[in-house]
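Enquirer: kindly generate the corresponding structure for this input.
(one chain, ligands or ions: 1)
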Amino acid sequence: MSIAEKFVSMEYGPAPEDSKEAVAWIERHGYRFQHFIGGGWQTPAAGEYFDTVDPSNGERLASVAQGSAADIDAAVKAAGAASSGWRALTPHSRARYLYAIARLVQKHSRLLAVLETMDNGKPIRESRDIDIPLVARHFYHHAGWAQLLEQEFPDYVPCGVVGQIIPWNFPLLMLAWKIAPALATGNTVILKPAEFTPLTALVFAEICQEAGLPAGVVNIVTGDGATGEALVKHPGVDKIAFTGSTEVGRAIRAATAATHKRLSLELGGKSPFIVFEDADLDSTVEGLVDGIWFNQGQVCCAGSRLLMQESIAEALIAKVQDRMSTLRIGAPLDKAIDIGAIVAKVQLDRIRKLVDQGVADGATCWQPQVTLPARGFYYPPTLLSNVHPTSIVAQQEIFGPVLAAMTFRTPAEAVELANNTVYGLAACVWSESVNVALHVAAQLKAGVVWVNCTNLFDASCGFGGYRESGYGREGGREGLLEYMEAAWFKNAPALPAEKHAPPEAEPDEESTDSDLNIPASIPDIDRTVKLYIGGKQARPDSGYSIEVRAADGRLLGEAPLGNRKDIRNAVEAARKAAAWAKATAHNRAQVLYYSAENLSQRSDEIAHRLAAVVGEKQAAAEVDLSIERIFSYAAWADKFDGAVHNPPFRNIAIAMNEAIGTVGVICPREAPLLGLLSLVMPALAVGNTVIAVPSEAYPLITGDLYQLFDTSDLPGGALNIVTGYTSQLLKALAEHDDVDAIWCFGDEANAAAAKAMSAGNLKQVWTNEGRAIDWFNPKLAEGRWFLEHSTQVKNIWVPYGE
Ligand code: NAI
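Expert: Next comes the predicted model:
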C-alpha cells in the first residue's frame, strides 16, 4: 500500500515494541528461574518448576521454581534473620535503600514494561505509561515515609516478618504496593507472585541486589496457591497481606484465625459506574473505556456495572458502541493496541462461561466487529445490556472486558442499585453537578469513589474496600498503619483463659417473650435487669436468666440469658438507627457529653453496686474514669477528621473517615463499666450503631447503662445491650450478615473464635489478641487507635485545578 493510499484508509501500521532486551534477560537466566532467598538464588527444595507463558501467543517464556513448604521455611528464616538488623537501621538509612530502589526501577523501566507485557498480556502502552511509573512513584513516596517514620509514628514498631501474596493483573505494581510500605516501616518480606506472572518480581529481586539491600530483607518465592498457603500457615510470619479473589481471602482469614498474624485483604469488586443525565457524555465514554477496558477489564476496581439514568441511556449506549468499535485489540507489544490478551486460558474460559450465563439470564450481548488474533487468549470488548440486577453478570466479578448495563430513574435508585452487591471496592459518579456527585458519593459503600474520573491510583492515597472487598488500606498514611503495631500492645501480657459456656442450641422460632421466669421482684435479690434493644428494655427470648454473684459469692441479681434471636432483634434495631451516622458530629458530641453528665449524677450509686464485684477502689476509679472517657470521645466526635491527599494529577482525594456501620462489641470482663464505655464510646462518637455484650462477670451494669442513655437523648437502637454467655453471643454476632464489624476483647480463645466465625462475610474483626489492656491508663485505652478501628477510610477523588 502506498503512503497516499494509507492516508485515505487511515489504517494503523504495526508498531511493535522491541522485546530483544527482555528476551536476552530471560536467556541470561537460562530460561529457568530459582527462588530469591537470603539475598541470592536458591534452587527449589523439591526440584520442581512450572512454565510461565506469553498469553499473546501461548508460548512458554521460561520455567520458574515451584515453591514448597521447605522453600517457604527457608525464606521465612532468612527474613527472620534479617529482621532485627533492618529494623535497627536509622529511618534515613532505610529511606536511602527505598530511594535507590525507586531510581533503579526507573533505570530499568523499559525492561520491566516489556517483560510485564510479555508475561501478562497487557498493552505495552499501559505497562510503560501506568504500571511501571506508578511502581517507581510508590518507592519514592515510601522512601519519604521511611525518612519520617520516627517523627510521625514514635510509639510504633514493625509487625516483623511479613508474607505477601499478590495477583497477576498488575504484577509489579502490586509488588510495589506491598513491599514499599512494608520496608519503609521496618518489616522484612517474603513475597509470592502469582503463578501466571512471576517474571518482573524476579527482575525486582535483581534490583534489590543492585541496590545493596541487606540479604533476607526481601525474599521472593514463586509458586501457585499451595505455595501461598504454606506462607499463610508458617508460624514465623507475623502478618499476611493479600490481594486476590474473595474466595481465597476468606480461606486466609480462616487459616490465620487461631494466630496473632495481622491481616489485610484487598479482594474482588463489582464496582458501579454511575452516569447521571447531566454528565458530559463524551468524557463519560472515555472514562468508561478506562473503567472497564483498561487491562482487559482484569481490574479489581473495574467499573463493570454501568448504571445509567434512564433519560440518557439510549444516547449513551450508542456512544459507547461507537467507541467500542474503535478499540484496537491485538498483540500487546504493539504500541497502538488498546486491548491485549487475557492472562491465561482458564481466565478466558471463565469469562466466556459467565457471559453465556448472563445471556441465558436474559441479557443482550453486543460486541464490535473485530478480528481476534489467531493464537493467544483474546476476548473482544463486550457490552451486556438489559441486565437484571440479580443476574450473575451483575453480581459476580467477571474479571474481563465485559460491561453489564442497567438503568435507574432517581439518585436514590442509583445508590440502591450501586450498593446492591456484597462488594464495596470502588465506584464512579459522573455528573456535572457537584451537589449530585458528592451527595451520591457519600452514600456509596465503597472504599474509593471517583467523581468524573476513573481508575486513578497514587501512592499517597489509600486504596481498599468495604464489605467483602476486604479490609485494610494500601497507600499513604492509612496504608502504613497496616504494617506497624503500637509497641505497648505487641508486648501486652496475655489474659487468663475464661470459662466458656457450651454452644447455644438453636432458639425456638415460636417462642415468645411472655413466658418469662424472671421474677419481677424477689426478696434479697437487689436487681433484675433486662436487655436493652431499640431504646427499650426487653425480656430475653429464652425466658431464662443467669445469676450474678458478688466477689464474696453473694447473689446480686439476675441478668437475662440472651440468645441468637435477641441478637437478631438487636441487629435489626441497630440497622433502623442508622440515622445516627447522619447526625452531625456536633450533635453526637452533645449526646455523649449529656451521658457523661448523667453518669456523674449517678456516680455514687453505680460505684456502690459495681463495688460488690470489683471492689470499692476499682469501682470508684471505673466510674471517675468513665466520665472522663466519655468526655474524651465527645471531644473527638468532631475532631477525628480525614485528610486531603495531593496525588500528582489534577485531582484531590478527600479521605473521609466513615463509620463502619453496625458493630458488635464483646466487652472486657475485667472492667465492666470502664471497659464497655472505652469501646462503645469511640464507636458511637463517629456514628456507628452498636450491639454490646457486657462483661459476663457483671452484666447487671446494663441496668445502670440504659437508665443513663435513656436520659441522654441517645436515639433508640444506636446502642443495644444483650447480656448472656459471651461465647454464644459472639457466635450469633459474628455470623450475622448485617453486622459489619466484630470487636472482641476477651481471652485468646474468644479472639480466635471471633476471627474464624467472621470469615463468612469477611466482616472486619478487631480483637485484643487475648492480651490484657490497662483500661485505667488513658494513654493506652483511649484515642486514635480506637477511632481508627471505628472508621473506614473512603477516598473520594475530585477533579481540581487548572
Ligand atoms: P486467586 O485469588 O486464586 O490468586 C491470587 C493469588 O493468591 C495468587 O498468587 C495465588 O497463587 C494465591 N493463592 C491461591 N490460593 C491460595 C491459598 N489458598 N492461600 C494463599 N494463596 C493462594 O485468583 P485467581 O485464581 O488467579 O483468579 C480467580 C478470580 O479471582 C479472577 O477471575 C478474579 O475474579 C479474582 N481476582 C481478583 C483479583 C483482585 O485484584 N481483586 C486479582 C486476581 C483475581
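
Enquirer: without its sequence neighbours, what residue ends up closest to Leu175?
Expert: Ala201 (5.5 Å; C-beta to C-beta, 6 or more residues apart in numbering). In this view, the C-beta of every residue, glycine as well, is placed from N, C-alpha and C.

Enquirer: from the ligand, how far out is Arg253?
Expert: Distance of Arg253 to the ligand, given as C-beta to the nearest ligand atom, to the nearest Å: 11 Å.

Enquirer: am I right that Leu175 is in contact with Val203?
Expert: No. Using C-beta atoms under 8 Å as the test, Leu175 is too far from Val203 to be in contact (10.3 Å).

Enquirer: neighbour count: these two, which is higher?
Expert: Leu175 (22 against 18; other C-beta atoms under 10 Å).

Enquirer: what residue in the stretch 501-650 of the chain comes nearest to the ligand?
Expert: Pro647 (20.4 Å; C-beta to the nearest ligand atom).

Enquirer: ok, the chain next?
Expert: Gly228 (2.2 Å).

Enquirer: quick one: contacts for that residue?
Expert: Ile165, Lys192, Val248 (C-beta atoms under 8 Å, 6 or more residues apart in numbering).

Enquirer: can you pick the most crowded of these?
Expert: Of these, with other C-beta under 10 Å as the count, Lys192 tops at 29 neighbours.

Enquirer: need the pLDDT of that one.
Expert: Note on Lys192: pLDDT of 99.

Enquirer: and for Glu509?
Expert: Looking at Glu509, the pLDDT reads 48.

Enquirer: what do you get for Lys270?
Expert: pLDDT, Lys270: 97.

Enquirer: hang on, the earlier thing: show me what the stretch of helix or strand the residue nearest to Leu175 belongs to is packed up against.
Expert: In this structure, Ala201 sits in helix 199-210 according to DSSP states H and E. Here helix 199-210 touches strand 35-37, strand 59-65, helix 91-107, helix 109-120, helix 171-184, strand 218-220, going by 3 or more C-beta pairs under 8 Å, 6 or more residues apart in numbering; DSSP states H and E.

Enquirer: on that earlier part again, got the CA positions of the host helix or strand of the residue of the chain closest to the ligand in PDB?
Expert: Gly228 belongs to helix 225-233 when elements are defined using DSSP H and E. In PDB, the C-alpha atoms belonging to helix 225-233 read as follows (Å, rounded to 0.1, in the frame of the first residue of the first chain):
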ATOM      1  CA  GLY A 225      -1.800 -21.400  45.600                       C
ATOM      2  CA  ALA A 226      -0.200 -24.200  47.600                       C
ATOM      3  CA  THR A 227       3.000 -22.100  48.000                       C
ATOM      4  CA  GLY A 228       0.700 -19.200  49.100                       C
ATOM      5  CA  GLU A 229      -1.000 -21.500  51.600                       C
ATOM      6  CA  ALA A 230       2.300 -22.600  53.100                       C
ATOM      7  CA  LEU A 231       3.300 -18.900  53.500                       C
ATOM      8  CA  VAL A 232       0.000 -18.100  55.200                       C
ATOM      9  CA  LYS A 233       0.400 -21.000  57.600                       C
END
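
Enquirer: touching, Ala143 and Ser93? I think so.
Expert: No. With contact defined as C-beta under 8 Å, Ala143 does not count as touching Ser93 (11.2 Å).

Enquirer: ok, those two, which is more surrounded?
Expert: Each of Ala143 and Ser93 has its neighbours counted (other C-beta under 10 Å); Ala143 has more, 22 against 13.

Enquirer: give the helix, strand or coil label for that one.
Expert: Secondary structure, DSSP: H, G, I helix; E, B strand; the rest coil: Ala143 is helix.

Enquirer: returning to that earlier point: okay, the residue of the chain closest to the ligand: pLDDT?
Expert: Taking Gly228 on its own, its pLDDT is 98.
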